[in-house]
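Q: Give me a 3D structure for the following:
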Amino acid sequence: MKFGGTSVANIERIRNVARHVKREVDAGHEVAVVVSAMSGKTNELVAWCTEASPMHDAREYDAVVASGEQVTSGLLAIVLQGMGIQARSWQGWQIPIKTSDAHASARIEDIDGSEIIKRFRERKEVAVIAGFQGINPETNRITTLGRGGSDTSAVAVAAAVKADRCDIYTDVDGVYTTDPRIVPKARRLDKIAFEDMLELASQGAKVLQVRSVELGMVHNMPIFVRSSFDKPEDIDPYANQPPGTLICSEEEIMESHVVTGIAFSKDEAQISVRQIEDKPGVAASIFGPLADANINVDMIVQNVSEDGKTTDLTFTVPAADYTRAKDTITAAKSKIGYARLDTATDVAKISVIGSGMRSHAGVAAQAFSALAGRNINIRAITTSEIKFSVLIDTAYTELAVRTLHTLYGLDQT
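A: Next comes the predicted model:
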């Protein structure tokens, strides 16, 4: 069971979480719980690090920000003990959760779940684990896994203790076909395949961290997204599937829709490098420096320039990297040899996702004609086997999402 920041925001909510845990313990389950820091706490700790020194040591940053989860895990263990449940808190290094040494964005390399399993058997003890953190065995220092890392901790711990399922409790009651705040007719999905969820998460859906879905897929660990605000007493722990969304392998989903969901991201910026000589090595001269600067390039479109002799290259980067990307290309101007640079930050990426696309032709063509019918101009397109994305002006984001949501029959009837 994993509980996010809003679910453990204060002692009252921690008591609510404890009642969810008690329900599962009373049903005879062995339970490991992973908790995030109280909502807003990590931001406060990050702000303190920046205030102390804008150029701080990443190792000390991790030591500071990992403390948020330490507090929550201790408090939840205290509340559970008060309810008569055997429980103890664990920090990442005590298990240990071994990670790489990339401080602030470490990757989990190994978890030894044997001690937790032993305590399940011998003491019926609930393990309350601080999410988001681990230890680098070489340096013996605390590491953190990047924002949203508690989801990743939870799926990795679930795999390590050979759990039947990993339940992610959050402030929404599952995964929807798109953001219900934009499309009130969005439907909650009962089940979604790992691949589809991976695309939804990486294209802008904020429900789960991408890495946690990857881990679930690798270990074939079913992930169940559910609400921590459903009353603990109202849920039947013996039910096969309480309210929520099960993320599982494609084989377990009987009926597959052509389109599963629509994601969107407004955190995009577009850069067009105009009138470059059309010769081998040009793309490398643009994308090499960007890769060296750790800037992620997403959509790439190449076409012939207006003069018919040269080529234009257009690509998108995350809005947060826009200035660095622009500066990187400008600095390499003599090597690339372009006429001018055009940029835009008022762009949004809309992605249509569904495993069913593999066996259906014309899915993207329908979208292009529906958007044209709404006078929405497409700046760039990328496609893969189970997804296609279009880049449009930000002003049309909501209209485009609603149009496509209805087009593919995702609206609730």
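Q: Give me the pLDDT for residue 281.
A: Here, the pLDDT recorded for residue 281 equals 89.
Q: Equivalent analysis for the one 4 residues further on, please.
A: With respect to pLDDT, residue 285 has a value of 93.
Q: same deal with the one 10 residues further on?
A: The score at residue 295 is 92. That number is its pLDDT.
Q: Residue 254 too?
A: Residue 254 is given a pLDDT of 74.
Q: ok, now the one 3 residues further on?
A: Predicted confidence (pLDDT) at residue 257: the value is 80.
Q: now do residue 411
A: 90.
Q: Pretty sure it sits against residue 185.
A: Yes: using CB atoms under 8 Å, residue 411 is in contact with residue 185, at 3.9 Å. For every residue, glycine as well, the C-beta is placed using N, CA and C.
Q: Pull up the overlap in contacts between those two.
A: Residues touching both residue 411 and residue 185 (CB atoms under 8 Å, 6 or more residues apart in numbering) are residue 405.
Q: The residue lying closest to residue 30 once chain neighbours are set aside: which element?
A: Leaving aside its chain neighbours, residue 30 sits nearest to residue 120 (4.0 Å; criterion: CB to CB, 6 or more residues apart in numbering). For residue 120, the host element (DSSP states H and E) is helix 114-123.
Q: which residues sit against the helix or strand just after that helix?
A: Sequence order places strand 126-130 as the next helix or strand after helix 114-123, per DSSP H and E. Contacts with strand 126-130, where a contact means CB under 8 Å, 6+ apart, come from 21, 25, 31-35, 66, 69-70, 72-73, 76-77, 80, 85-92, 95, 116, 119-120, 153, 157.
Q: Was I right to think residue 34 contacts residue 155?
A: No: the criterion here is CB under 8 Å, and residue 34 misses it with residue 155 at 9.1 Å.
Q: Identify the contacts common to the two.
A: By CB under 8 Å, 6+ apart, no residue touches both residue 34 and residue 155.
Q: What is the longest strand anywhere in the chain packed up against?
A: Scanning the chain for the longest strand, with DSSP state E as the assignment, gives strand 261-276. Using 3 or more CB pairs under 8 Å, 6 or more residues apart in numbering; DSSP states H and E as the contact test, the elements touching strand 261-276 are helix 194-202, helix 282-292, strand 311-318, helix 322-331, strand 340-353, helix 397-407.
Q: Check these for me and report the most buried one.
A: helix 194-202 (a mean of 24; mean count of other CB atoms under 10 Å).
Q: picking that back up, the helix holding residue 120 versus strand 126-130: what angle between them?
A: 150 degrees (axes from the mean of the first three to the mean of the last three CA atoms, to 10 degrees).
Q: still on that earlier bit, then the longest strand of the chain to PDB, C-alphas only?
A: Coordinates of each C-alpha in strand 261-276 appear next as PDB, following Å, rounded to 0.1, in the frame of the first residue of the first chain:
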ATOM      1  CA  GLY A 261      -6.900   7.700 -23.300                       C
ATOM      2  CA  ILE A 262      -5.800  11.200 -24.300                       C
ATOM      3  CA  ALA A 263      -2.900  13.000 -22.500                       C
ATOM      4  CA  PHE A 264      -1.800  16.500 -22.900                       C
ATOM      5  CA  SER A 265       1.100  18.700 -21.800                       C
ATOM      6  CA  LYS A 266       1.400  22.400 -21.900                       C
ATOM      7  CA  ASP A 267       5.000  22.300 -20.700                       C
ATOM      8  CA  GLU A 268       6.400  22.300 -24.200                       C
ATOM      9  CA  ALA A 269       8.500  24.700 -26.300                       C
ATOM     10  CA  GLN A 270       9.200  24.500 -30.000                       C
ATOM     11  CA  ILE A 271      12.500  25.400 -31.700                       C
ATOM     12  CA  SER A 272      12.900  25.600 -35.500                       C
ATOM     13  CA  VAL A 273      16.400  25.700 -37.000                       C
ATOM     14  CA  ARG A 274      15.900  27.300 -40.500                       C
ATOM     15  CA  GLN A 275      17.800  26.900 -43.700                       C
ATOM     16  CA  ILE A 276      20.500  24.300 -42.800                       C
END
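Q: Give me the buried positions along it.
A: Within strand 261-276, the residues that count as buried by 16 or more other CB atoms under 10 Å are 261-265, 268-276.
Q: Tell me where the stretch 101-250 of the chain has helices.
A: 114-123, 149-160, 194-202, 210-219 (DSSP state H, counting those that start in this stretch).
Q: Average pLDDT for the last one, rounded please.
A: Mean pLDDT, helix 210-219: 93.
Q: how about the lowest-mean-pLDDT helix or strand in the chain: buried residues?
A: Across the helices and strands of the chain, mean confidence by mean pLDDT, DSSP states H and E is lowest for strand 300-304: a mean of 87. Judged by neighbour count (16+ other CB under 10 Å), strand 300-304 contains these buried residues: residue 301.
Q: Which strands border it, and is each parallel or antiparallel?
A: Strand 300-304 pairs in its sheet with strand 311-318 (antiparallel), by DSSP bridges.
Q: quick check: angle from the strand it pairs with to helix 282-292?
A: Computed by the same axes, to 10 degrees, the angle separating strand 311-318 from helix 282-292 equals 20 degrees.
Q: Restrict strand 311-318 to CA atoms and write it as PDB.
A: In PDB, the C-alpha atoms belonging to strand 311-318 read as follows (Å, rounded to 0.1, in the frame of the first residue of the first chain):
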ATOM      1  CA  THR A 311      16.300  22.000 -44.900                       C
ATOM      2  CA  ASP A 312      14.400  23.100 -41.800                       C
ATOM      3  CA  LEU A 313      14.500  21.100 -38.500                       C
ATOM      4  CA  THR A 314      11.800  21.600 -35.900                       C
ATOM      5  CA  PHE A 315      11.800  19.900 -32.500                       C
ATOM      6  CA  THR A 316      10.300  20.300 -29.100                       C
ATOM      7  CA  VAL A 317      11.900  20.400 -25.600                       C
ATOM      8  CA  PRO A 318      10.400  20.700 -22.100                       C
END
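Q: Fine, thanks again, bye for now.
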